[in-house]
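Q: sequence first, predicted model second:
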Protein chains: 2
Amino acid sequence: MLKANEQARADVARLMAELGARARAAARPLAIASAEAKNAALAAMADALVARADEILAANEDDMRRGAQAGLSAALMDRLKLDRQRIEAMAAGVRAIAGLDDPVGSVIAAWERPNGLSIERVRTPLGVIGVIYESRPNVTADAGALCLKAGNAVILRGGSDSARSSAAIHACLTEGLARAGLPQDAIQRVPVTDRAAVGEMLKGLDGNLDVIVPRGGRGLVERVQREARVPVFAHLEGICHLYIDASAMRDMAVAVALNAKMRRTGICGAAETLLVDRAAADTHLLPVLEALAAAGCEIRGDAAVCARFPAALPASEEDWRTEYLDAIISVKLVDGVDEAIRHIETYSSHHTEAIVAEDPRAVERFFNEIDSAILLHNASTQFADGGEFGMGAEIGIATGKMHARGPVGVEQLTSFKYRVRGSGQVRP
Amino acid sequence: MLKANEQARADVARLMAELGARARAAARPLAIASAEAKNAALAAMADALVARADEILAANEDDMRRGAQAGLSAALMDRLKLDRQRIEAMAAGVRAIAGLDDPVGSVIAAWERPNGLSIERVRTPLGVIGVIYESRPNVTADAGALCLKAGNAVILRGGSDSARSSAAIHACLTEGLARAGLPQDAIQRVPVTDRAAVGEMLKGLDGNLDVIVPRGGRGLVERVQREARVPVFAHLEGICHLYIDASAMRDMAVAVALNAKMRRTGICGAAETLLVDRAAADTHLLPVLEALAAAGCEIRGDAAVCARFPAALPASEEDWRTEYLDAIISVKLVDGVDEAIRHIETYSSHHTEAIVAEDPRAVERFFNEIDSAILLHNASTQFADGGEFGMGAEIGIATGKMHARGPVGVEQLTSFKYRVRGSGQVRP
C-alpha cells in the first residue's frame, strides 16, 4: 500500500513536471504572438463555449449529481452550478477580455539621456502562471483568457468537485487556441484531482512556474502562501473598514455604510468594521446603525456603542480581527481620524478601507497614513474590484506589496523590459 | 560546546528578531515622513561622512590591517580600502540621492470612471529592506541612503572584513537621521558578524523583512536566492551577449565590441559572448577580433571562428555558459538574427544583450523576441547601470521578472496603493 502511494506520488510529480515543461515551451511563441492572434483565439473560445454549451451542461450535471451524493453544501452547489445564462456570461467575459488593450509591448515609460540614448520600458509577459481554484468552474474560462491576453501560459488546477465542468470548458479554450494557430499548451488543465499536484505546483515545477494565483477559501490561500516557493498574488482576507468622520454628510454616511456592508456580504470588499467619529456619536451613529439593523445586519459594538444602541451585542477583541463574510458588523467609536488610522493599522488586512468625510484634512491623513491596497473617499468599499476599476477583468485581488497590489488584471500579469536605442554610444 | 553553540544561535536569533521589530516600527513614521525631512537627513549624513572622515579612515585602517593579516586577496583589499577621495565620493553619492525626486506619493496613473469615481495609483514605500553585502564598505552609505529616500527602513548586513569601516559609516547615517528628527532605527546595521544572522534574515525576521537585496559574489547571491523565504532583488550572473548583424556599420561594431568587453571586464554588464552574423564573417569578424586581441582579450571561438582567426582558442560548450568577468570572450558565427536569438535564449542569464545593426527588421526582432531585462541597439552593454539609465543610483540589477527588473533604483524600492475619490457612490 505504501509502495502504491509512493508510486502514485511519483507519477503525479512526473506528470506535473511535464505540464511545466510544456507550459514553458508554449510561453515563448505566446510571448511574441500578435494581439490579433490572441484576440482571434479568445473570440474562437467564446464561440466554442456557446456552441458546445450542451456538452458543458451535461458535464456540469454530472458534477452536480456527484456533489449532491457527496453532500456538498447549498452554497458550494450554487457555485458549482452552470446554466445557459452563466455559460453565455462566461463567453461574454472572454469577449470582453479580447476587447481590452493588449498590454504586451506597450510602452510604460520613455526618456532620453544626455548622451542620446533613448530608453523605453515596455511590458512583457510574466511567463507561466499557475492558478489553483476551488469549485467555481467559470474560473477556468476567466483565468485562461486573462493569462492568454497578457501573453502568459497558464496551468489551471481546479477543484475536484467541478472537474468535469472544467474539463468541458477547457476543451473550448484549447479549441480556440488551435483555431488561431497558437500552441494548445498555452492553457493546460491539471488532469488529476490528486492533492499532490498542488504540492508540485507550490514547489514551482522545476522553475517552470513564475507565479501562483490561488482563488478560493482561506484554507487554500493560507496553504499556498505558507508553502509556495514561487511568488503568490493573493489576499488572505478582507477585513475592510469604513470610517465615518464627524464632517461626513449624514445621508451619504448611511448610504455608503449600508452598501459597504450589505450589498453582498460574502465578498472580500465587504466592510467588516465600522468606525464612527466620537464627535458624530449624536448625529451619525444611530441613523447608520438603524439602517444596518433594518437591513438585517447584526451589530457588535464596543461599550460606548452598546450604551447608545441597546440592540447591539458586545464586541470582543476577536471581533476586530474577524472577517465575517456575513450580515454582521463590528462598530467602534473612535477619537477622530487619528484613532481610526491607529485602529485600522492594527487590525486591517490591508485590503480596502473607506472614509466618509467632508473635511479634506481628515481625508488627506486617511489617504497618506493608511497602508492598504485600496483607499476610498466617499464611496463604498464594495468598489474594490478590477471590473469597477475599469481593468476589464481581474484574476483576484492582492494584498502583498510586491509587483501586483489591489485588483490583478492583465497589466498586473505582465513584467517589463528595457529597450535602449543608440547610435554607437560606448561608455566612457 | 554544543550547548554554547546553541546558546549563541539563540542569541543571534533573538537579536535579529529585535532588529526586525524595530525596523518595522520605524517604517511607519518613515513612510509618512516628508520629502524635506528625508532630504535633510541625507544632507546631514553627507556632512557627517565628511566631518568624521578621520574616524572612518582609522576604522578602515584597522580593517585593512586585519585583512592583510588574514591574507585577503589584492582585489578584496582594493574593494575594502577607503581614502579621503572615496569618502568624499560616498558623501557626493548621498547628496545626489537627496537631489532625486521623492518617489513616495507620486502619482503613477490616474483615471476617471463613468460613475464619477476618480482613481489614482500612487507610490508607497515597500516597508523594510534587508541588504546583505560583502567587502565594499561604501555599500553601507549607498544602500542606506537609497532605502531611506524611498521611505523604507533598512537592515544592513555587511561582511566581517569591513565591519569596522561599516560601523563608522553607519554612525554617520544615524547621526543624519537624528539631526532630521527621523527614527534612528530606520537604518540599522547588524552588529554581529555571525553567519547565523544572514540565516535569520533569509527567514524573514517574523514577517518584518519585505525584500532582500544581496550584493556580492555568486556564492552569496546563490545562497540568498535558494534559501530566502522573502522576495529577492538580484542577478546571479550577467552572461551578456553582443550580436553584430551583417547590416552593422563596421567601425561602430568594433568600437561597441571593444567597449562592451574591455571597458571594465569585472562588471555584470560586460559582454561575455560575441555573436557575429555569418554574412559578416568576411567584413566585420576580423577587425572586431583584432581590436579585442590588441586590447589584451583572449578569444575563444567556435570552429568557424578559429578557422578564420588562428589566434583564437577553441570554445567548449561550457564557454557559452560562462561569465568570465575577465579579459576573455567567447565568439560564434551565427546564421543571422534568427540564430542569434536562439543562442541568446538558450545561454543568456537574461541580464543585458546588445545588437549592432542598421537593418530595422533585425533590431525589431531582437527587441521583441529576447526576454532579457535590458536590450540595447547600437550601444555598449556596459550601459546596463542605474546611473547610466538616469535613475540617479541603483542598489543593484535584478534579472527576476517580478516587481523590479533591470536597475533597482528608488522607484523600484517602492510599492503602490490606490486612492479612490467619490461623492457618495455606492455599488449597484
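A: Arrived safely.

Q: near chain B, which residues of the stretch 201-350 of chain A?
A: A:Asp210, A:Val211, A:Pro231, A:Met249, A:Met252, A:Ala255, A:Val256, A:Leu258, A:Asn259, A:Ala260, A:Arg263, A:Glu345 (CB under 8 Å from any CB of the partner chain). C-beta here means a position set from N, CA and C on the backbone, and glycine is covered the same way.

Q: which residues does the second one bridge with?
A: What it means is A:Val211. A:Ile129 (DSSP bridges).

Q: what number of residues lie near it?
A: Neighbourhood size, A:Val211 [other CB atoms under 10 Å in any protein chain shown]: 25.

Q: show the average pLDDT along the biggest strand by length in chain A.
A: Determined from DSSP state E, the single longest strand within chain A is strand A:414-425. Mean per-residue pLDDT for strand A:414-425: 97.

Q: buried sites along that strand?
A: A:Thr414, A:Ser415, A:Phe416, A:Lys417, A:Tyr418, A:Arg419, A:Val420, A:Arg421, A:Gly422, A:Gly424, A:Gln425 (16 or more other CB atoms under 10 Å in any protein chain shown).

Q: mind listing what the fourth one touches?
A: Read it as A:Lys417. Counting by CB atoms under 8 Å, 6 or more residues apart in numbering or on different chains, A:Lys417 touches A:Arg121, A:Val122, A:Thr124, B:Asp371, B:Ser372, B:Ala373, B:Ile374, B:Leu375, B:Arg405, B:Gly406.

Q: what's the closest of those residues to B:Val104?
A: A:Arg121 (19.9 Å; CB to CB).

Q: which strand or helix spans the closest one?
A: strand A:118-125 (DSSP states H and E).

Q: can you list contacts of that strand?
A: A:27, A:30-31, A:103-113, A:150-152, A:411, A:413-422, B:371, B:389-390, B:401.

Q: still on that earlier bit, run me through the strand neighbours of the longest strand of chain A, direction for each.
A: strand A:118-125 (antiparallel), strand B:374-379 (parallel).

Q: of all those strands, which one is nearest B:Arg308?
A: Across these, closest to B:Arg308 is strand B:374-379 (CB to CB), at 24.4 Å.

Q: residue in the stretch 151-300 of chain A with the shortest distance to chain B?
A: Closest residue of the stretch 151-300 of chain A to chain B, CB to the nearest CB: A:Asn259 (3.5 Å).

Q: the residue lying closest to that residue once chain neighbours are set aside: neighbour count?
A: Nearest non-adjacent residue to A:Asn259, counting by CB to CB, 6 or more residues apart in numbering or on different chains: B:Val426, 3.5 Å away. B:Val426 is flanked by 18 other residues according to other CB under 10 Å.

Q: close enough to count as contact, B:Val426 and A:Ala253?
A: No - contact criterion CB atoms under 8 Å: B:Val426 and A:Ala253 do not qualify, at 11.5 Å.

Q: show me chain A divided up by domain.
A: A:2-233+A:408-418, A:240-388 (automatic domain parsing).

Q: just name the most buried of the strands paired with strand A:414-425.
A: Comparing the strands paired with strand A:414-425 by mean neighbour count (mean count of other CB atoms under 10 Å in any protein chain shown), strand B:374-379 ranks first with a mean of 26.

Q: what comes up buried for whichever helix or strand comes after that one?
A: Downstream of strand B:374-379, the next assigned helix or strand under DSSP H and E is strand B:396-398. The neighbour-count check on strand B:396-398 (16+ other CB under 10 Å) flags B:Gly396, B:Ile397, B:Ala398 as buried.

Q: closest to A:Leu274 among the residues you listed?
A: Nearest to A:Leu274 among the buried residues of strand B:396-398, with distances taken as CB to CB, is B:Ala398, at 42.0 Å.

Q: now that the closest one has come up, it's in contact with B:His235, right?
A: Yes - counting by CB under 8 Å, B:Ala398 does reach B:His235; the two are 6.1 Å apart.

Q: what touches both of these two?
A: Joint contacts of B:Ala398 and B:His235 (CB under 8 Å, 6+ apart) are B:Ala373.

Q: do you know how far A:Leu286 is from A:Ile329?
A: In this view, A:Leu286 and A:Ile329 are 15 Å apart by CB to CB, to the nearest Å.

Q: make that A:Pro287, sorry
A: Going from A:Pro287 to A:Ile329 by CB to CB gives 15 Å.

Q: same thing with A:Leu202?
A: On the measure of CB to CB, A:Leu202 and A:Ile329 end up 35 Å apart.

Q: show me what the helix or strand containing A:Leu242 is packed against.
A: Assigned by DSSP H and E, A:Leu242 falls within strand A:240-244. Contact analysis of strand A:240-244 by 3 or more CB pairs under 8 Å, 6 or more residues apart in numbering or on different chains; DSSP states H and E lists helix A:250-262, strand A:271-277, helix A:336-347, strand A:352-356 as its packing neighbours.

Q: who's in contact with it?
A: Outside strand A:240-244, the residues touching it (CB under 8 Å, 6+ apart) are A:253, A:256-257, A:260-261, A:268-277, A:280, A:284, A:288, A:334, A:337, A:340, A:343-344, A:347-349, A:351-357, A:366, A:381, A:384.

Q: so which residues of the stretch 151-300 of chain A form helices?
A: Secondary structure of the stretch 151-300 of chain A, counting by DSSP state H, counting those that start in this stretch: helices at A:163-179, A:196-203, A:218-227, A:250-262, A:286-294.

Q: as TSV, those with distance to A:Ser73 and mean pLDDT would be great.
A: Output for the helices of the stretch 151-300 of chain A, formatted as TSV (distance: least, CB to CB, whole Å; pLDDT from 0 to 100):
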stretch	distance to A:Ser73	mean pLDDT
helix A:163-179	17	97
helix A:196-203	22	95
helix A:218-227	15	92
helix A:250-262	22	98
helix A:286-294	26	98
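
Q: C-alpha coordinates for stretch A:15-29, CSV please?
A: The C-alpha trace of stretch A:15-29 is given here as CSV (Å, rounded to 0.1, in the frame of the first residue of the first chain):
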residue,chain,number,x,y,z
LEU,A,15,3.0,14.4,-14.9
MET,A,16,3.3,17.9,-13.3
ALA,A,17,6.9,18.3,-14.4
GLU,A,18,5.8,17.5,-17.9
LEU,A,19,3.0,20.1,-17.7
GLY,A,20,5.5,22.7,-16.5
ALA,A,21,8.0,22.0,-19.3
ARG,A,22,5.2,22.1,-21.9
ALA,A,23,3.9,25.4,-20.5
ARG,A,24,7.4,26.9,-20.6
ALA,A,25,7.8,25.8,-24.2
ALA,A,26,4.4,27.3,-25.1
ALA,A,27,5.3,30.6,-23.3
ARG,A,28,7.9,31.6,-25.9
PRO,A,29,5.7,31.6,-29.0
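
Q: for A:Val131, give me phi and psi.
A: phi -120, psi 120 (degrees, to the nearest 10).

Q: who are the contact partners of it?
A: A:Val139, A:Ala143, A:Cys147, A:Val154, A:Ile155, A:Leu156, A:Arg157, A:Ile212, A:Val213, A:Pro214, A:Arg215, A:Ile395.

Q: what's the neighbour count on the closest residue to the third one other than its chain neighbours?
A: Nearest residue to A:Cys147 in three dimensions, chain neighbours excluded: A:Val154, at 3.7 Å (CB to CB, 6+ apart). A:Val154 is surrounded by 28 other residues when neighbours are defined as other CB under 10 Å.

Q: you'd agree A:Pro137 is up against A:His170?
A: No - using CB under 8 Å, A:Pro137 is not in contact with A:His170, being 9.6 Å away.

Q: these two: who's more crowded?
A: The residue with more neighbours, out of A:Pro137 and A:His170, is A:Pro137; 30 against 20, by other CB under 10 Å.

Q: what sits closest to that one if chain neighbours are left out?
A: According to CB to CB, 6+ apart, the nearest residue to A:Pro137 is A:Ser165 (3.8 Å).

Q: does that neighbour really touch A:Asn60, like I thought?
A: Yes - taking CB under 8 Å as the definition, A:Ser165 is a contact partner of A:Asn60 at 4.3 Å.

Q: anything in contact with each of these two?
A: A:Leu80, A:Leu82, A:Pro137.
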